[in-house]
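Peer 1: just to be clear, the model below is a prediction. Sequence and coordinates:
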Amino acid sequence: MRSQQVHHPLFARFYARLSISMESAGVDKRRDAMLAGLTGSVIEVGAGNGLNFAHYPGTVTSVLAVEPEQHLRGLALISADEAKVPITVADGTADRLPADDRSFDAVVASLMLCSVPDQAVALAEMHRVLRPGGELRFMEHVSSESAGQRRVQRLVDATIWPVCFGGCHAGRDTLAAIAAAGFRVEEVEHYRLPDSRLWPTTPHALGVAVRA
């Protein structure tokens, strides 16, 4: 079934170019860290243009990469052909994943929980398709620890940010949302990318959460 819920043609093209330029700024190394040690079957939610694909270790047996935006999904198909592990790219949205209950060993979410319409619903779906004891690997920009920057995040989220950046929200408390969805956060690294307090999406968190 083709998804009609996500259509950001201008932003998708902008993101495709921006994301590639950000790889050399350190995002590529963060992808390696996020995916290191993964094994078995994986579902990647919001795969974008497939920049994670080259970083999956050979211990991964299969990846179902779900991406609802048509332009990005087309780029992901190209990236999947060049990957070292078997990757199937599928249309679908985070709030209704095309997968059975408890059917994956791991879920990957990178730079997408900022833009889903409802984090709780998306994380509930990730919890549903993950087997008990399976891992959620995440890399997301998050709410700032600085009160001043949080005010900036709230301001841009209430005004121009989601409109200009494909539904993205700068200041979501994503770690709290992951815990509230029934995951146990076991590892988390906080970092800034880029290392500036002037940009509202600089605070990031990368880590591992386990499905109870």
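Peer 2: The structure has been received and is ready for your questions.
Peer 1: now do the lowest-mean-pLDDT helix or strand in the chain: distance to the chain's middle.
Peer 2: Using mean pLDDT, DSSP states H and E, helix 9-22 stands out as the lowest-scoring helix or strand of the chain, at a mean of 80. A distance of 15 Å separates the centroid of the chain from that of helix 9-22, by C-alpha atoms, centre = their mean, to the nearest Å.
Peer 1: in it, which residues are buried?
Peer 2: Using 16 or more other C-beta atoms under 10 Å as the test for burial, helix 9-22 gives Phe11, Ala12, Tyr15, Ala16, Ser19, Met22. Backbone N, C-alpha and C define where each C-beta goes, glycine included.
Peer 1: quick one: the strands in the protein, in order.
Peer 2: Along the chain, the stretches classed as strands by DSSP state E are 40-45, 60-66, 87-90, 104-110, 130-141, 183-192, 203-211.
Peer 1: run through the residues that contact the residue nearest to Ala124 when sequence neighbours are not counted.
Peer 2: When the adjacent residues along the chain are set aside, Ala124 lies closest to Ala181, with 5.9 Å between them (C-beta to C-beta, 6 or more residues apart in numbering). Contacts were defined as C-beta atoms under 8 Å, 6 or more residues apart in numbering; by that measure Ala181 touches Ala120, Leu123, Ala124, Met126, His127.
Peer 1: so where's this protein uncertain?
Peer 2: Within the chain, the ranges that satisfy pLDDT under 70 run 1-5, 7.
Peer 1: pick out the residue nearest the middle of it.
Peer 2: Geometric centre of the chain, nearest residue: Ser110, 2.3 Å, by C-alpha atoms, centre = their mean.
Peer 1: can you pull the contacts of it?
Peer 2: By C-beta under 8 Å, 6+ apart, Ser110 lies in contact with Arg31, Met34, Glu44, Gly46, Asn52, Arg137, Phe138, Met139, Glu140.
Peer 1: nearest to Ala65 among these?
Peer 2: Glu44 (4.6 Å; C-beta to C-beta).
Peer 1: so the closest one touches Val60, yeah?
Peer 2: No. Using C-beta atoms under 8 Å as the test, Glu44 is too far from Val60 to be in contact (10.3 Å).
Peer 1: in TSV: the strands of the chain, plus distance to Ala147.
Peer 2: Listed next are these as TSV, based on distance: least, C-beta to C-beta, whole Å:
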stretch	distance to Ala147
strand 40-45	31
strand 60-66	36
strand 87-90	41
strand 104-110	27
strand 130-141	18
strand 183-192	16
strand 203-211	13
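Peer 1: who wins for proximity to Ser79 among those strands?
Peer 2: Once those are compared by C-beta to C-beta, strand 87-90 is nearest, at 8.0 Å.
Peer 1: so what touches the closest one?
Peer 2: Applying C-beta under 8 Å, 6+ apart, the external contacts of strand 87-90 come out as 47, 50, 53, 56, 62-67, 73, 76-77, 79-80, 98.
Peer 1: cool, and stretch 94-102?
Peer 2: By C-beta under 8 Å, 6+ apart, the surrounding residues in contact with stretch 94-102 are 1, 43, 45-46, 64, 66, 68, 90-92, 112, 116-118, 121-122, 125-126, 128-132.
Peer 1: let's see it at 6 Å
Peer 2: Taking C-beta atoms under 6 Å, 6 or more residues apart in numbering as the criterion, the residues outside stretch 94-102 that touch it are Ile43, Val45, Ala90, Gly92, Val116, Val121, Ala122, Glu125, Arg128, Val129, Arg131.
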